[in-house]
Every structure is written in C-alpha cells, then in structure tokens.
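[1] Attaching a predicted model along with its sequence, questions to come.
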Amino acid sequence: MSLHPPIPIFRSFDEAKARDFYVDFLGFDIVFEHRFEPGTPLYMAVKKGDCELHISEHHGDATPGSAVRIELPDVHAYSEELNAKRYKHSRPGVQKQPWGWYDMTIADPFGNRLIFCTDIPVEDQEAS
C-alpha cells in the first residue's frame, strides 16, 4: 500500500483574511468550500501545484501556530514573485540554512507558518 502526501489543516479565524493571504497573495486556487449551513464556520481547500492545504474555521480542527515545510524547485523565484505583489503584511526573504536548504518562512494572519524550501545542490553547498 502506498501513501499519498499528507494534507495539513490550518486554523483560520477570518474568511476574508484567509482568502487574501492564501489566494490573492500566495496564489493558491480554491478547490472546495464547505459549510454545514449558511453562517456556520468555513472549511476550505486550497491548492497550488501539487501542494494542497485545508483551512478551517472550526474549533478543534487545528492548533493555531502550526508549521509546515513545502518544497518547491526555486524558492528564490517564488520570493521575488511574492514581493512584487507588495503585500502589506509580508515581504518574505530567503535564508540559507546550515542543513542544506534555502528557506522562506511566511506567517499567515492566524500565526501558522509556511516554510517554503528548496534543497541546495551538493556542489553549491561545498562552494560556500
């Protein structure tokens, strides 16, 4: 039996802020939205490439302040793309980590951290 990639669930407290951050700023697409009835908390899925995240306003679905690492081919290019949007709440930078990765950490409006990362090729690690 093979396993599929996990789907993290992040806690949200404000639908408009979640959409602004995940859709408008990070560039994720909405996969689905669910409410048990009008006026109840939102549970939605967003996706960018193969990365899917679930965002929930439901108490108990997730703990605020969680973190997830999301690997991508070029974190520097994504950082440039995001900074070009001039989002008022974040201007993310990339840091070279001693364990061989470039990391860009961005906190969402609810204290969750998304760490976008790219593996540094061994030949580049040795050149430093």
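    Yes, it's here.

[2] tell me the SS of residue 118?
    strand (DSSP: H, G, I helix; E, B strand; the rest coil).

[3] Next, give phi and psi for the nearest residue to it once chain neighbours are set aside.
    Sequence neighbours aside, residue 75 is the residue nearest to residue 118 in space, at 4.1 Å (criterion: CB to CB, 6 or more residues apart in numbering). All C-beta atoms are positioned from the backbone trio N, CA, C, and that covers glycine. In terms of degrees, to the nearest 10, the main-chain angles of residue 75 are phi -70, psi -30.

[4] just the one 3 residues further on next, same as before
    Dihedral angles of residue 78 (phi, psi; degrees, to the nearest 10) stand at phi -70, psi -40.

[5] burial count for residue 52?
    16 (other CB atoms under 10 Å).

[6] Which residue, neighbours along the chain excluded, lies closest to it?
    That would be residue 7: by CB to CB, 6+ apart, it lies 5.2 Å from residue 52.

[7] now do residue 74
    Using CB to CB, 6+ apart, the nearest residue to residue 74 is residue 118, at 6.1 Å.
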